[in-house]
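J.: quick one: sequence plus predicted model below, questions after.
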There are 2 protein chains.
Amino acid sequence: MTDPTPPAPTPLAPAQLAAYFALTEVSSLLQHAVEQQLKTDGGLTTPQFQILARLNSAGGRLRMTDLADGLVYSRSGLTYQAAQLEKRGLVTRTPGADDERSVEVTLTPAGREVLGDVFGGHIEVVQRLMMTGLADDDIAALNDVLGRLRDHMRSAPPRSAAPRAARRR
Amino acid sequence: MTDPTPPAPTPLAPAQLAAYFALTEVSSLLQHAVEQQLKTDGGLTTPQFQILARLNSAGGRLRMTDLADGLVYSRSGLTYQAAQLEKRGLVTRTPGADDERSVEVTLTPAGREVLGDVFGGHIEVVQRLMMTGLADDDIAALNDVLGRLRDHMRSAPPRSAAPRAARRR
DNA sequence: ACCACGTGCTTCGAGTTCGAAGCAAGCCTA
DNA sequence: TAGGCTTGCTTCGAACTCGAAGCACGTGGT
């Protein structure tokens, strides 16, 4: 079972490593700060905020399945968080009208209000933590590079891209 | 005690928002890919890998406190993960030589080995997902902007600018 | 109409996370 | 040397996460 091709050298220049680490640290600091803000301003966790925000931009009502799309969450986690939000009265869960199996999650007025309370602080945190450290040029540079990088990553094959699975015959 | 200054409008220009979202998405894609790789190549979680990597680059031994610096992790979480790593024999924990309160975490040969197994794949993932999408200029730009941003964030006051509690002397 | 399969969501158990409280060793001041 | 404060780490309880298994409704083939 010795693999004939050694595990690929891939040097990664120091500058590349530094860029990678800087990216990692910056985003984790930012994420942490945002999490903090959500909690103190609205008693929300990140997933809860995401659920509310997604509901809001979808007009206030979505089925669980549709809610799950675009959220980076497991199904069971979504169920759990939806239950939490329902307990707090920020959403309601009702059986789907057309399909008895499905559950429709609806944003309540209270939910909208909390979301409103939180949004301002959210922006403020990003502003203070990120934007005050950057000039307009920097923002432009980030948009340019990260924008391209995002597109690149989205289209990248997921690791062992099974390049030979369908070649037989 | 009503605060006389309203919560500052701070609009966040579209370009700023775009930069924020791009940063968020890029790092979350990268993080996800790396997490996957760590798990399949070495059975490590991200925090565990961070601990091992940090130990390694510090010569193989660090006190818990020093280990905590630079890790975006709670103290108790660090204790927990250190215990996990010790169970697997990848590190040892011994009372500090000079200070009885402290605990020195030491990378074992087995730990180094696992780290070695994982590092190649780790670099490979970063290389493939991130670096192939960027020119040298881009790397330089990222280093410049993100480097400054990191420094800025590190020194930013934690929201309700509480002026340092512990002042020597 | 039947019945096997698919779909939508929830429940369950195990593992991980955090903050607060706890404990023990060092440090300061008198 | 005593007293109280600080520091370094762990323990504890509660909350959150995931994947697997479970339940109930829907759908399609016969």
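T.: Here it is on my side, so go on.
J.: tell me which other helices or strands the longest helix along chain A touches.
T.: Counting by DSSP state H, the longest helix found in chain A is helix A:14-42. If contacts are counted by 3 or more C-beta pairs under 8 Å, 6 or more residues apart in numbering or on different chains; DSSP states H and E, helix A:14-42 sits against helix A:46-57, helix A:109-129, helix B:14-42, helix B:109-129, helix B:136-155. Just so you know, the C-beta spots here come from the backbone N, C-alpha and C atoms, and that holds for glycine as well.
J.: ok, now with 6 Å
T.: Contacts defined by 3 or more C-beta pairs under 6 Å, 6 or more residues apart in numbering or on different chains; DSSP states H and E place helix A:14-42 against helix A:109-129, helix B:14-42, helix B:136-155.
J.: is DNA strand C contacted by stretch A:22-33?
T.: No. Taking C-beta under 7 Å from any atom of the strand as the criterion, stretch A:22-33 and DNA strand C are apart, separated by no less than 8.4 Å.
J.: does the one helix or strand A:A82 maps to reach DNA strand C?
T.: A:A82 is part of helix A:75-87 when elements are defined by DSSP states H and E. Yes. Using C-beta under 7 Å from any atom of the strand, helix A:75-87 reaches DNA strand C at A:75-76, A:78-80, A:82-83.
J.: ok so, going back, rebuild the helices and strands packed on helix A:14-42 as TSV, extending it with mean pLDDT and distance to A:N56.
T.: Formatted as TSV, the helices and strands packed on helix A:14-42 follow (pLDDT from 0 to 100; distance: least, C-beta to C-beta, whole Å):
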stretch	mean pLDDT	distance to A:N56
helix A:109-129	90	6
helix B:14-42	88	16
helix B:136-155	91	28
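J.: closest one to A:L146 among the ones you listed?
T.: Set against A:L146 and scored by C-beta to C-beta, those come closest in helix B:14-42, at 3.9 Å.
J.: who in chain A is up against DNA strand D?
T.: A:45-47, A:72-77, A:80-81, A:84, A:99-101.
J.: which of the residues you listed count as buried?
T.: A:47, A:73, A:81, A:84 (16 or more other C-beta atoms under 10 Å in any protein chain shown).
J.: farthest-separated two in these?
T.: A:Y73 and A:Q84, at 12.8 Å, using C-beta to C-beta across these.
J.: can I get the helices and strands packed on helix A:14-42 in TSV including mean neighbour count?
T.: Output for the helices and strands packed on helix A:14-42, formatted as TSV (neighbours: other C-beta atoms under 10 Å in any protein chain shown):
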stretch	mean neighbour count
helix A:109-129	18
helix B:14-42	18
helix B:136-155	17
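J.: let me know which of those helices is the nearest to A:G147.
T.: Per C-beta to C-beta, nearest to A:G147 of the helices and strands packed on helix A:14-42: helix B:14-42, 5.5 Å.
J.: near chain B, which residues of chain A?
T.: A:7-8, A:10, A:12, A:15-16, A:18-20, A:22-23, A:25-29, A:120, A:123-124, A:126-127, A:129, A:131, A:133, A:138-139, A:141-143, A:145-147, A:149-150, A:152-153, A:156 (C-beta under 6 Å from any C-beta of the partner chain).
J.: turn the helices and strands packed on helix A:14-42 into CSV, columns for distance to B:T106.
T.: Shown next, in CSV, are the helices and strands packed on helix A:14-42 (distance: least, C-beta to C-beta, whole Å):
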stretch, distance to B:T106
helix A:109-129, 36
helix B:14-42, 19
helix B:136-155, 28
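J.: and A:E86, how far from B:R112?
T.: 49 Å (C-beta to C-beta, to the nearest Å).
J.: what sits against the residue lying closest to A:A22 once chain neighbours are set aside?
T.: Closest residue to A:A22 apart from its sequence neighbours, by C-beta to C-beta, 6 or more residues apart in numbering or on different chains: B:L146 at 3.8 Å. Contacts for B:L146 (C-beta atoms under 6 Å, 6 or more residues apart in numbering or on different chains) come out as A:22-23, A:26.
J.: export the residues you listed to CSV and tack on distance to B:A58?
T.: Shown next, in CSV, are the contacts of B:L146 (distance: C-beta to C-beta, whole Å):
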residue, distance to B:A58
A:A22, 19
A:L23, 22
A:V26, 22
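J.: looking at these, spot the one nearest B:E35.
T.: Checking those one by one against B:E35 (C-beta to C-beta), the nearest turns out to be A:L23, at 15.2 Å.
J.: check contacts around that closest one.
T.: Counting by C-beta under 6 Å, 6+ apart, A:L23 has contacts B:27, B:146.
J.: quickly list what A:T106 is bridged to.
T.: A:R61, A:T92 (DSSP bridges).
J.: okay, now it: neighbour count?
T.: Neighbour count of A:T106, defined by other C-beta atoms under 10 Å in any protein chain shown: 15.
J.: how close does A:Q81 sit to A:K39?
T.: 14 Å.
J.: could you tell me which residues of chain A lie near DNA strand C?
T.: Near DNA strand C, when you scan chain A using C-beta under 7 Å from any atom of the strand, you find A:63-65, A:68, A:75-76, A:78-80, A:82-83, A:93, A:96, A:99, A:101-103.
J.: how much space between the nearest residue to A:V126 once chain neighbours are set aside and B:L146?
T.: Nearest residue to A:V126, sequence neighbours excluded (C-beta to C-beta, 6+ apart): B:Y20, at 5.5 Å. B:Y20 sits 13 Å away from B:L146, going by C-beta to C-beta.
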